[in-house]
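Asks: Curious how this folds, go ahead:
(4 chains)
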Protein chains: 2
Amino acid sequence: MGETSTRTVDRAIDLLAVVCDTRGMTLADCARATDLSASTALRLLRTLEAKGFVQKTEEGLYSPGRRIMQLGAAALSEESLIDYCKADMEALVSDTGESTYLSVPGFRETAIYISIIEGTHSVRHTSWVGRTIPLAGTAAGEALVGRVAPGAYVVVEKGVEADVTAIAAPVLSGRRVVAALSLVIPSYRLNEVLVARYGELLAATAGSLSSGLSHEPGVPTAALSS
Amino acid sequence: MGETSTRTVDRAIDLLAVVCDTRGMTLADCARATDLSASTALRLLRTLEAKGFVQKTEEGLYSPGRRIMQLGAAALSEESLIDYCKADMEALVSDTGESTYLSVPGFRETAIYISIIEGTHSVRHTSWVGRTIPLAGTAAGEALVGRVAPGAYVVVEKGVEADVTAIAAPVLSGRRVVAALSLVIPSYRLNEVLVARYGELLAATAGSLSSGLSHEPGVPTAALSS
DNA sequence: AATATGGTTGCCATCTAGTGACAATGCTAG
DNA sequence: CTAGCATTGTCACTAGATGGCAACCATATT
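Replies: Sure, this is the predicted structure:
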């Protein structure tokens, strides 16, 4: 795919990445970091600036502009998160046989299910997209309010529903919790070993998803698109 | 600045915006929306895809890619928010004479001050960047946990400190609360009229900041950079 | 003060890389 | 089946992207 790439756009994007990764750079810093001539870098940065992707301070330092914030916010919308998490949620269901949920903060002190992939057992937890659950007393809620450390998981028995146990882990974008990934399992099917196993699997999955949404300078994105 | 723009980059960025604004578009849709030939649009979208800015589903539909999420997350980092809010915070201090604070969620159930612009009165509230305050019982906390509607404000007297009244409003990016903007004022200087006046001013400022971070398709960004 | 170094910005000759018309192939609707 | 549209690849053409260079500025050093 590299040979069908558009060099000029490649270069502009590299400059954008540099500005987002290391804010407060001079033109000369940007040119060096991307191995471009200062003239070329200036012209491309000017284009990015005109489009709102970067901004230049009075001192001549470049930092991200509003447009990249806007597009980033749009990209982190629910639809994107659903798409982004789908394969991993399906893998979770494959590995555990249990129903997996993706939830985000709702209005006031609620969370809302935005994506559900049901488990494979004939006795399984069932719910619906759009359902709201309270933040308080639920595993997803705990994860969403930041009570669960990145890479960890929380277990809540008899939270909203009496016969189920929920395990949840936070999905972060940078340092910000953007979603909670959870498994909701009929309690009779669980024991301590399984809870630990599923919890660790869930936390690893959420951690991997979080890594993909984190600020990773210099990541070869083509290699990560698989 | 238009005549020094790089046409190829302009075009790629327009395509990126179209994909983020209206996800699930075909190549032909993208080409029409940007008035490019299908060949050109395909090549530019291929470049954006290789760089992770867009992704293409099995059905051939384009949606935002991980890289734009990552850069958006980085752009919404604290430093950017500080830069972005600075002028409006200064205007607030100008208009009210009171100290104004920008805070974001901290670890667990705290908020953290990331930017402070002190008021102009000799008797003024003083605090420090990096200070954490509890989410519970503070105006900023109320705003950060989503208890304050967009465009509204909350008033808390004797929250953390006995002699001050805090007014706060949420700053959103899309539907997500990313920060709280607040005024912290010695209580003796306030009456109901002033509280309402400052509250409305603060809410309007936070609303304006939120608008700037919202998903706004087709905004002429050069016009908004002033 | 003079010199050296590095940064920013503009200019313009050069030529490479970006372009789009066209063709081939595939899919869908009538 | 035909027509229309979408996707993808090819290639001749030239426009636009490039970078060397100069002018100017700021700062540090001698």
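Asks: Can I get whichever strand or helix holds A:V178 as PDB, trimmed to CA atoms?
Replies: Per DSSP states H and E: A:V178 is located in strand A:176-186. What follows is strand A:176-186, C-alpha atoms only, in PDB (Å, rounded to 0.1, in the frame of the first residue of the first chain):
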ATOM      1  CA  ARG A 176      -9.900   9.500  30.300                       C
ATOM      2  CA  VAL A 177     -12.400   6.700  30.900                       C
ATOM      3  CA  VAL A 178     -14.500   6.600  27.800                       C
ATOM      4  CA  ALA A 179     -16.400   3.300  28.300                       C
ATOM      5  CA  ALA A 180     -16.800   0.300  30.400                       C
ATOM      6  CA  LEU A 181     -16.500  -3.300  29.100                       C
ATOM      7  CA  SER A 182     -18.300  -5.900  31.100                       C
ATOM      8  CA  LEU A 183     -19.400  -9.500  31.300                       C
ATOM      9  CA  VAL A 184     -22.700 -10.300  32.900                       C
ATOM     10  CA  ILE A 185     -23.000 -13.900  34.000                       C
ATOM     11  CA  PRO A 186     -25.600 -16.000  35.800                       C
END
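Asks: Helix or strand next in line after it, which one?
Replies: Counting by DSSP H and E, the element after strand A:176-186 in chain order, helix or strand, is helix A:192-212.
Asks: Each with direction, which strands does the strand holding A:V178 pair with?
Replies: strand A:99-105 (antiparallel), strand A:164-173 (antiparallel) (DSSP bridges).
Asks: Give me the spatial nearest neighbour of the residue of chain A at minimum distance from chain B, chain neighbours excluded.
Replies: Going by Cβ to the nearest Cβ, chain B is nearest to A:G72 of chain A, at 1.0 Å. For glycine as for every other residue, the C-beta is placed from the backbone atoms N, C-alpha and C. Once flanking residues are discounted, A:G72 sits nearest to B:G72: 1.0 Å by Cβ to Cβ, 6 or more residues apart in numbering or on different chains.
Asks: Ok, A:Q55 next?
Replies: Nearest non-adjacent residue to A:Q55, counting by Cβ to Cβ, 6+ apart: A:G65, 4.3 Å away.
Asks: A:V145 too?
Replies: A:L135 (5.7 Å).
Asks: Just give me the neighbour total for that neighbour.
Replies: If you count neighbours by other Cβ atoms under 10 Å in any protein chain shown, A:L135 ends up with 23.
Asks: Quick one: low-confidence residue ranges for chain A.
Replies: Along chain A, segments meeting pLDDT under 70 span A:1-4, A:107-108, A:215-226.
Asks: Tell me how far the residue of it positioned farthest from its centre lies from DNA strand D.
Replies: For chain A, the largest distance from the centre (Cα atoms, centre = their mean) belongs to A:S39, which lies 36.4 Å off. Distance of A:S39 to DNA strand D, given as Cβ to the nearest atom of the strand, to the nearest Å: 3 Å.
Asks: Do any residues in the helix or strand containing that residue lie close to DNA strand C?
Replies: Using DSSP H and E, A:S39 sits within helix A:38-50. Yes - residues of helix A:38-50 contacting DNA strand C under Cβ under 7 Å from any atom of the strand: A:A38, A:S39, A:L42.
Asks: that older thread, reformat the strands paired with strand A:176-186 as CSV; add mean neighbour count.
Replies: Below are the strands paired with strand A:176-186 laid out as CSV (neighbours: other Cβ atoms under 10 Å in any protein chain shown):
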stretch, mean neighbour count
strand A:99-105, 26
strand A:164-173, 27
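Asks: a markdown table please, covering those and showing distance to B:K51.
Replies: Formatted as a markdown table, the strands paired with strand A:176-186 follow (distance: least, Cβ to Cβ, whole Å):
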| stretch | distance to B:K51 |
| --- | --- |
| strand A:99-105 | 26 |
| strand A:164-173 | 19 |
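Asks: Out of the ones you listed, flag the one nearest DNA strand D.
Replies: Across the strands paired with strand A:176-186, DNA strand D has its closest neighbour in strand A:99-105 (28.2 Å, Cβ to the nearest atom of the strand).
Asks: Check which element follows that closest one along the chain.
Replies: Counting by DSSP H and E, the next helix or strand C-terminal to strand A:99-105 is strand A:110-117.
Asks: counting contacts, what elements does the helix or strand just after that next one pack onto?
Replies: Using DSSP H and E, the helix or strand that directly follows strand A:110-117 along the chain is strand A:132-134. The contact analysis (3 or more Cβ pairs under 8 Å, 6 or more residues apart in numbering or on different chains; DSSP states H and E) places strand A:132-134 against strand A:110-117, helix A:139-144.
Asks: tell me the most buried of these?
Replies: Mean neighbour count, computed with mean count of other Cβ atoms under 10 Å in any protein chain shown, is highest for helix A:139-144 among the helices and strands packed on strand A:132-134, reaching a mean of 28.
Asks: Run the contact check for that one versus chain B.
Replies: No - against chain B, helix A:139-144 shows no contacts by Cβ under 8 Å from any Cβ of the partner chain, the least distance being 10.4 Å.
Asks: contact partners of that helix?
Replies: Helix A:139-144 has contacts (Cβ atoms under 8 Å, 6 or more residues apart in numbering or on different chains) with A:101, A:103-105, A:111, A:133-135, A:148, A:154-156, A:159, A:166-170, A:177, A:179-182.
Asks: Show me what counts as buried in the helix or strand that it is followed by.
Replies: Using DSSP H and E, the helix or strand that follows helix A:139-144 in sequence is strand A:154-157. Neighbour-count burial for strand A:154-157 flags A:V154, A:V155, A:V156 (criterion: 16 or more other Cβ atoms under 10 Å in any protein chain shown).
Asks: check contacts around the first one.
Replies: By Cβ under 8 Å, 6+ apart, the contact list for A:V154 reads A:A139, A:E142, A:A143, A:R147, A:V148, A:I167, A:A168, A:A169.
Asks: For chain A, which residues are neighbours of DNA strand D?
Replies: Contact residues, chain A versus DNA strand D (Cβ under 7 Å from any atom of the strand): A:T4, A:R7, A:T8, A:R11, A:L36, A:S37, A:A38, A:S39, A:T40, A:R43, A:L44.
Asks: Let's have those residues in CSV, adding distance to chain B.
Replies: Output for those, formatted as CSV (distance: Cβ to the nearest Cβ, whole Å):
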residue, distance to chain B
A:T4, 5
A:R7, 9
A:T8, 4
A:R11, 8
A:L36, 12
A:S37, 14
A:A38, 14
A:S39, 11
A:T40, 9
A:R43, 6
A:L44, 6
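Asks: Please tell me I have it right and A:L81 contacts A:A179.
Replies: Yes - between A:L81 and A:A179 there is a contact under Cβ atoms under 8 Å: 5.6 Å.
Asks: any common contacting residues for these two?
Replies: Listed as contacting both A:L81 and A:A179 by Cβ under 8 Å, 6+ apart are A:L102, A:V104, A:I114, A:V171.
Asks: ok, so of the residues you listed, who is nearest A:R189?
Replies: A:L102 (21.5 Å; Cβ to Cβ).
Asks: measure the closest residue to the closest one other than its chain neighbours to DNA strand D for me?
Replies: In this structure, A:L102 finds its nearest non-sequential neighbour in A:S115, 4.0 Å apart by Cβ to Cβ, 6+ apart. Using Cβ to the nearest atom of the strand, A:S115 is found at 26 Å from DNA strand D.
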